[in-house]
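Enquirer: For reference, the sequence and a predicted model appear below.
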Amino acid sequence: MKEKIVIVGAGVSGLVAAINLEKAGFKPIVIDQSDRVGGRVKTDYRDGLQFDHGFQVLLKKYPAAVKYLDYDLLELQDFYPGSCIFYKQSKFTIGDPSRKSSLLFPTIFAKIGSVSDKWKVLQLSNAVKKKSFDDIFLAPEQTTLAYLQNKGFSDEIIQKFFKPFFTGIFLEDELSTSSRKFEFVYKMFAEGNAAIPKKGIQAIPNQLAAQLKQTQFEFNMKVAEIKDQELILENKKKIPYDYAIIAAEAWPLISNLKNQESKWKSVENLYFEVKNKVIDKPLIGLVADEAALINNIHYQNIKDTNHFLLSVSVVKLHHLNKDDLIKQVEKELQTYCGIESVEFKRYYKIKKALPVMYTVNYMMPPSETQLKDRVFLAGDQLSNGSLNAAMLNGESAARAVIAKIKDGFININ
Ligand SMILES: Cc1cc2nc3c(=O)[nH]c(=O)nc-3n(C[C@H](O)[C@H](O)[C@H](O)COP(=O)(O)OP(=O)(O)OC[C@H]3O[C@@H](n4cnc5c(N)ncnc54)[C@H](O)[C@@H]3O)c2cc1C
């Protein structure tokens, strides 16, 4: 096929768009301002340690992930379906005993909410499992907090379980995120495990990129503007194109979108080397004390040693500089989790982690990805901040371009 198709963005969405274009016989060009594939899904490898840029997990039941990824090759390291909750110097485990029987007794005896709350947690799992994505994403939206209150959950279980758990996922601590996103994530957690590839989260985009044989990659190239059939790079170089897919923020690149700047949620991620674990099972640790800056922790084994790499996420906003934050987190690890003698390793601040979205949908249908005659949009920010949405929207944009080239119009949804 002779059409020149450029994709701006080598994140998960741009890579899935390229996979679909290659399958249809095209040879796309992927341009990215950074030095490698992955976008927000990156891992640094230093001194035998792996540092993901922010704690993130693959929910194994994501339909798009099942379609595009080979889980065996990723050597996924599963978390148990539950959490270890630190609250007022005590530690409780709560989880889904129907999927991991060893979580039954700890869950029953955890001093987190009433028996009725725990029963409702299970009922909610069963209810969302039965819902289709349409049921979830066509339902009226309310905040997650209002949704949980309307379902009759007590303030205690909201404070000690839902808030810390979903703060780490939504990257905001007021549960103001749409109830649609809540139900979607809850369904994915209820139906399958969360996991991280053995070689870090970067293994996901690496595996997508490895599927591309006809695609040309251009790294360290920032696109400054997209005009009709011409990309202008920051270094003023011009690249002609027939069709463009913007798998990145579009507003800085298109002149009439300049007033539509997107807002983002941020997160900080600190890594420490430790000699012992305070969570013996593969569970995500949550700090439920309201005063704490720490939201979640989890351990990674360090190859060929008996030490561990502890990842700590801070979602709450604060006024500390980096050094004071490290000191504060070390203090909190000791106070709230009983973790002592930590050796600081690395710090990340991810300013643009998740897009702020007041309304969310499952995916953007192909017909709605077209911005201009020859310019199409992809990326998670069209639907909801997740790997699943990023992949599905990459696929949609590619299908729209293919239809436009082959049929002259986009007749697919
Ligand atoms: C800390 C964190 C935790 C997360 N947790 C989860 C989780 O647990 N589960 C989950 O499903 N999702 C999670 N996510 C969200 C998930 O990572 C994103 O939904 C997904 O990576 C978005 O992919 P994308 O391709 O749409 O965008 P991006 O990954 O942002 O890709 C956009 C690409 O475009 C490039 N680019 C931008 N502008 C330009 C330009 N002008 N010129 C050239 N290149 C440009 C960027 O360099 C980037 O590579 C998390 C994200 C973060 C950051």
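Expert: Yep, it's here.
Enquirer: wait, doesn't Leu377 sit right on Ala248?
Expert: No: applying C-beta atoms under 8 Å as the test, Leu377 and Ala248 come out as separate, 9.4 Å apart. In short, each C-beta sits where N, CA and C put it, glycine included.
Enquirer: Show me which positions of the longest strand seen in the chain end up buried.
Expert: Criterion DSSP state E: the longest strand present in the chain is strand 343-355. In terms of neighbour count (16 or more other C-beta atoms under 10 Å), strand 343-355 has its buried residues at 345, 347-348, 350, 353-355.
Enquirer: near the ligand too, which of these?
Expert: Among the buried residues of strand 343-355, the ones lying near the ligand by C-beta under 6 Å from any ligand atom are 350, 353-354.
Enquirer: Tell me the one of the residues you listed nearest the ligand?
Expert: Checking those against the ligand by C-beta to the nearest ligand atom gives Ala353 as the nearest, at 3.6 Å.
Enquirer: backbone phi and psi for the spatially closest residue to that closest one that is not a sequence neighbour, please?
Expert: Distance criterion C-beta to C-beta, 6 or more residues apart in numbering; nearest residue to Ala353, sequence neighbours excluded, is Val267 at 4.9 Å. When read as degrees, to the nearest 10, the backbone of Val267 gives phi -150, psi 150.
Enquirer: Contact partners for Val267?
Expert: 54-55, 171, 313-315, 349-350, 353 (C-beta atoms under 8 Å, 6 or more residues apart in numbering).
Enquirer: again, but for Leu58
Expert: Leu58 sits next to 65, 69, 74, 76, 194-197, 201, 204, 387 when contact means C-beta under 8 Å, 6+ apart.
Enquirer: Repeat the analysis, applying 7 Å as the threshold.
Expert: Residues near Leu58 by C-beta atoms under 7 Å, 6 or more residues apart in numbering: 65, 195-196, 204, 387.
Enquirer: Could you check how far it is from Ala24?
Expert: 27 Å (C-beta to C-beta, to the nearest Å).
Enquirer: And for stretch 66-75, what's in contact with it?
Expert: With C-beta under 7 Å, 6+ apart as the test, stretch 66-75 has contacts from 16, 19, 60, 197-198, 203-204, 207-208, 391.
Enquirer: now that stretch: how far from the chain's centre is it?
Expert: What separates the centre of stretch 66-75 from the centre of its chain is 17 Å, taken as C-alpha atoms, centre = their mean, to the nearest Å.
Enquirer: now the end-to-end length of that stretch.
Expert: End-to-end distance of stretch 66-75: 14 Å, with C-alpha to C-alpha, to the nearest Å as the criterion.
Enquirer: Do it and the ligand come into contact?
Expert: No: Stretch 66-75 lies apart from the ligand when judged by C-beta under 6 Å from any ligand atom; the minimum separation is 12.2 Å.
Enquirer: Tell me where the stretch 201-350 of the chain has helices.
Expert: Secondary structure of the stretch 201-350 of the chain (DSSP state H, counting those that start in this stretch): helices located at 203-210, 322-337.
Enquirer: in the stretch 251-400 of the chain, which spans are strands?
Expert: 264-274, 284-287, 294-301, 308-314, 343-355, 370-372, 375-377 (DSSP state E, counting those that start in this stretch).
Enquirer: Tell me which of those strands sits nearest to Asn413.
Expert: Nearest to Asn413, of all the strands of the stretch 251-400 of the chain, is strand 370-372, at 12.6 Å by C-beta to C-beta.
Enquirer: Count the neighbours of Val375 for me.
Expert: Residues lying near Val375 (other C-beta atoms under 10 Å) number 23.
Enquirer: Name all residues that make contact with the residue nearest to it when sequence neighbours are not counted.
Expert: Leaving aside its sequence neighbours, Val375 sits nearest to Ala244 (C-beta to C-beta, 6+ apart; 5.0 Å). Shown in contact with Ala244 (C-beta under 7 Å, 6+ apart): 6, 8, 226, 231, 374-375.
Enquirer: In the sheet, which residues pair with Ala244? Tell me.
Expert: Counting by DSSP bridges, Ala244 forms beta bridges with Val6, Val375.
Enquirer: Can you give me the pLDDT of it?
Expert: Looking at Ala244, its pLDDT reads 98.
Enquirer: one step back: take the strands of the stretch 251-400 of the chain and write them to a markdown table, including mean pLDDT.
Expert: What follows is the strands of the stretch 251-400 of the chain, written out as a markdown table (pLDDT from 0 to 100):
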| stretch | mean pLDDT |
| --- | --- |
| strand 264-274 | 98 |
| strand 284-287 | 97 |
| strand 294-301 | 97 |
| strand 308-314 | 98 |
| strand 343-355 | 98 |
| strand 370-372 | 96 |
| strand 375-377 | 98 |
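Enquirer: From Ile302, how far off is the residue nearest to Val375?
Expert: Taking C-beta to C-beta, one finds Ala244 at 43 Å from Ile302.
Enquirer: can you tell me if stretch 231-241 touches the ligand.
Expert: No: applying C-beta under 6 Å from any ligand atom, one finds stretch 231-241 out of contact with the ligand, separated by at least 7.8 Å.
Enquirer: what comes up buried for that stretch?
Expert: For stretch 231-241, a neighbour-count test (16+ other C-beta under 10 Å) marks 231, 233, 239, 241 as buried.
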